[in-house]
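Q: Here's my sequence, what's the structure:
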Amino acid sequence: MSSKLSRLDFLRFSALGASALILPRSVTAAMAPKKAKKGDVNDLINIAFIGLGQQAIYLMSGFITIPNVRVVAGCDVYDIKRERFQNRVNKYYADQGIKNKLDMYIRYEEVLAREDIDAVVIATPDHQHAIIAIAACRAGKDVYLEKPLTFTIYEGQQLVKAVRENNRVLQVGSMQRSMAEFIHAANVVREGRLGKISVMKAHVGDGPKPYDLPAQEVPAGLDWDLWLGPLADTWHYNHELNPLILENGGDECWGAWRWYKGLGGGYTTDWGAHMFDIGQWAIGKDGSGPVEILPPASSPYECLTYRYDNGIEMLQQKFDGGKQGIKIYGENGWIQVCRGEFLASSPEFMPSEVDQKAIYETNVPHYQSFVDSIRSRRDPSVPVEVGHSSCTVCNLGNIAYDLNRPLQWNPIVQKFMDDPEATKQLHYEYRKPYTLG
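A: As a prediction, the model looks like this:
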């Protein structure tokens, strides 16, 4: 494979290398879904959605337009989310004159028990990702999983095993890898046009903060115990954690669980799963990671700093402009990429006029990559190992924030070096009866 990858190449292959993505024929046959055994593009693929908040609505609006894909089930612990999803899916199919039976569920186990469902789209809060995704793999379902991949590093390790042991397709919702501006940025770096890379500034945001929302009464239509899942039942409800729906059909806010320690990973995982991901992709560190993580107090840059074995440093640091994005510095100049925006130190690094028109296009190609992989039984554009390595970077940053000292990490064996205190933070104790199995 040449160092310059086309848009189609990027949608087909991860930076792990094409050879790692082609499965043996025996495995391919075992993996084929019931409705696509012959790879016939006219065979229907039945998809269920688990977690029906604002992100799920965006995802559904894309998946539902893909030919020969049917949304046949939705699952959420909150009745208002189920009702909204049901109304929108039914309206779409009615408007298209398509007959479709949509069933709604509270418990994801009932969805996974259905033999006619080929794949699930999981868009729950992060702390539910691993349990549901692993169960889906064991139930023979392919999985589209929102980023960040998992809540803890240990969960990610177990999910990688579950995907491979059960011969499943898993696509991570890192849709920037299907966006023209980020593909071009990675090409510029991988071609060596910037020369030797020294520093990358990833504008992400800070880590999680203490939970300080006031306790409120749980609404009648929400099963709060199921929402908590493996988390301790001492967490109190506040409507910002599972937002109300406005008159226009949108959520009152993004689920605020993501900003609070113990419930989410703050901006480190929310936006880090996007921008740290692009940084690792560009420098060829997919499936690997940094060897040293420095919190702001220990960093010469006074910000969260990742050091790689090739000498490159990635900083959680703002640059010109207010958008989240990444700025990459090489000996020949720099490039800066955000969603819908590409800047460079020289015109020679800019996208072509044709590429510029493709900037910030629809995310459907990312979903299409998943659907194509269900049929072909090849890995999608962002397979589980890539999602895990990017998620690990995010979680390593939050552990460094929490311990407030440098960490030494071995990305090959995925362990801290002689650091029992940090090792304890690779996971947390689930409340009974929850388990990864």
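
Q: In the chain, which residue is most central in space?
A: Residue closest to the average C-alpha location in the chain (C-alpha atoms, centre = their mean): K147, at 1.9 Å.

Q: Report the spatially closest residue to that residue, excluding sequence-adjacent ones.
A: Excluding the flanking residues, the one nearest K147 by C-beta to C-beta, 6 or more residues apart in numbering is A273, at 4.0 Å. For the C-beta atoms, the positions are set from N, CA and C on the backbone; glycine is no exception.

Q: and the gap between that neighbour and M350?
A: Distance of A273 to M350, given as C-beta to C-beta, to the nearest Å: 27 Å.

Q: Can you give me the pLDDT of V204?
A: At V204, the predicted lDDT confidence score is 97.

Q: and it, how many neighbours?
A: By other C-beta atoms under 10 Å, the residues close to V204 number 28.

Q: residue contacts, the residue nearest to K147?
A: For A273, the contacting residues are K147, P148, L149, S174, S390, C391, C394, by C-beta atoms under 8 Å, 6 or more residues apart in numbering.

Q: In helices, which of the residues you listed appear?
A: The members of the contacts of A273 that map onto helices under DSSP state H are S390, C391, C394.

Q: Tell me how far the first one lies from Q414.
A: As defined by C-beta to C-beta, S390 lies at a distance of 13 Å from Q414.

Q: again with T392
A: For T392, the distance to Q414 - C-beta to C-beta - is 7 Å.

Q: Look at those two and report which has more neighbours.
A: Taking neighbours as other C-beta under 10 Å, T392 and Q414 compare with T392 leading, 26 against 18.

Q: What residues does the more buried one make contact with?
A: Per C-beta under 8 Å, 6+ apart, neighbours of T392: I153, G156, G289, P411, Q414.

Q: What does the pLDDT read for it?
A: Looking at T392, the pLDDT reads 98.

Q: what do you get for D251?
A: Reported pLDDT for D251: 71.

Q: State whether H129 is indeed within a helix.
A: Yes: assigned with DSSP: H, G, I helix; E, B strand; the rest coil, H129 falls within a helix.

Q: Start at 36, not 1
A: Okay, using 36 as the starting number, the last item reads as H164.

Q: Surely it is in contact with V178?
A: No: look at H164 against V178 with C-beta atoms under 8 Å: they stay out of range, at 9.8 Å.

Q: so what sits against both of those two?
A: I157.

Q: can you give me the strands in the stretch 136-285 of the chain?
A: 138-140, 154-157, 177-180, 205-207, 232-238 (DSSP state E, counting those that start in this stretch).

Q: now those strands in JSON lines, with mean neighbour count?
A: Listed next are these as JSON lines, based on neighbours: other C-beta atoms under 10 Å:
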{"stretch": "strand 138-140", "mean neighbour count": "17"}
{"stretch": "strand 154-157", "mean neighbour count": "25"}
{"stretch": "strand 177-180", "mean neighbour count": "27"}
{"stretch": "strand 205-207", "mean neighbour count": "29"}
{"stretch": "strand 232-238", "mean neighbour count": "22"}
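
Q: Redo these as a markdown table? Include distance to M95.
A: Below are the strands of the stretch 136-285 of the chain laid out as a markdown table (distance: least, C-beta to C-beta, whole Å):
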| stretch | distance to M95 |
| --- | --- |
| strand 138-140 | 13 |
| strand 154-157 | 8 |
| strand 177-180 | 11 |
| strand 205-207 | 15 |
| strand 232-238 | 29 |
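
Q: Quick check: closest non-adjacent residue to A154.
A: Using C-beta to C-beta, 6+ apart, the nearest residue to A154 is D177, at 4.1 Å.

Q: Relative to Q315, how far out is that neighbour?
A: 24 Å.

Q: same thing with K353?
A: K353 is 20 Å from Q315, by C-beta to C-beta.

Q: ok, the two, which is more surrounded?
A: Higher neighbour count among K353 and Q315: Q315, with 27 against 17, using other C-beta under 10 Å.

Q: any idea how far K196 is from that one?
A: Q315 is 21 Å from K196, by C-beta to C-beta.

Q: now the helices for the stretch 136-285 of the chain?
A: Under the criterion DSSP state H, counting those that start in this stretch, the stretch 136-285 of the chain contains helices at 143-147, 164-173, 188-200, 215-225, 259-263.

Q: re earlier: minimum distance to E282: which of the strands of the stretch 136-285 of the chain has it?
A: strand 138-140 (22.0 Å; C-beta to C-beta).

Q: same question for that closest one, mean pLDDT?
A: Strand 138-140 comes out at a mean pLDDT of 98.

Q: what's that strand in contact with?
A: V107, A108, G109, C110, R117, F120, Q121, V146.

Q: before we move on, what SS does the second one have?
A: By that I understand A108. Under three-state DSSP, A108 falls in the strand class.

Q: Compute the number of surrounding residues for A108.
A: A108: 24 neighbours (other C-beta under 10 Å).

Q: So what pairs up with it in the strands?
A: Beta bridges link A108 to A83, D138, judged by DSSP bridges.

Q: show me the contacts for it.
A: Each residue near A108 by C-beta under 8 Å, 6+ apart is listed here: A83, F84, L137, D138, M139, Y140, V146, R149, I152.

Q: can I get these in a markdown table with distance to A379?
A: What follows is the contacts of A108, written out as a markdown table (distance: C-beta to C-beta, whole Å):
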| residue | distance to A379 |
| --- | --- |
| A83 | 43 |
| F84 | 39 |
| L137 | 47 |
| D138 | 50 |
| M139 | 48 |
| Y140 | 49 |
| V146 | 46 |
| R149 | 50 |
| I152 | 45 |
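
Q: so which of these would you say is closest to Q403?
A: Set against Q403, the nearest of those by C-beta to C-beta is F84 (17.0 Å).

Q: how close does the closest one get to A174?
A: Distance from F84 to A174, by C-beta to C-beta: 15 Å.

Q: out of the two, which sits in the more crowded spot?
A: Neighbour count, other C-beta under 10 Å: between F84 and A174, F84 has more, with 24 against 18.
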